[in-house]
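# please work out how this folds:
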Amino acid sequence: MSDETPERDPIGEDARIDALGERLKAAREREDQRNRPQVQGADPGYKLGNRVLAELLGGMLGGAAIGWVIDQFAGTSPWGLLVMLFLGTVVAFRNIIRISSRRPD
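Prediction:
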């Protein structure tokens, strides 16, 4: 019995099934690549916007805080606060212009 050849030959692979399998594999790879989280980092525009916002807020709040401290010790209220707030804003805008004029990496 084991020496006998089977009565029917197995059906050969159909080329259409092979092509369909290849297309499904390629589609799965594209979908996995599309859904994979970006390891590179955030969008450069988003990072730049956050940096500009941080510079602006940091300059204004830092200048206001230093001006308030000067007013408390020198008794020059509100001039120390106003002058330092203005200087903090100028420094913040100078930093923003410097950031925006730099070439992107």
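
# which secondary structure element contains residue 37?
For residue 37, there is no helix or strand it lies in under DSSP states H and E.

# got it, and residue 56?
Here residue 56 is assigned to helix 44-74, by DSSP H and E.

# where in the chain is pLDDT low?
For the chain, the stretches with pLDDT under 70 are 1-13, 38-42, 104-105.

# show me what contacts the nearest residue to residue 81 once chain neighbours are set aside?
Excluding the flanking residues, the one nearest residue 81 by C-beta to C-beta, 6 or more residues apart in numbering is residue 67, at 3.8 Å. The way it works is simple: take the backbone N, C-alpha and C, and place the C-beta from them, glycine included. Taking C-beta atoms under 8 Å, 6 or more residues apart in numbering as the criterion, residue 67 is in contact with 80, 81, 82, 83, 84, 85, 88.

# tell me which of those residues is nearest to residue 61?
residue 88 (7.6 Å; C-beta to C-beta).
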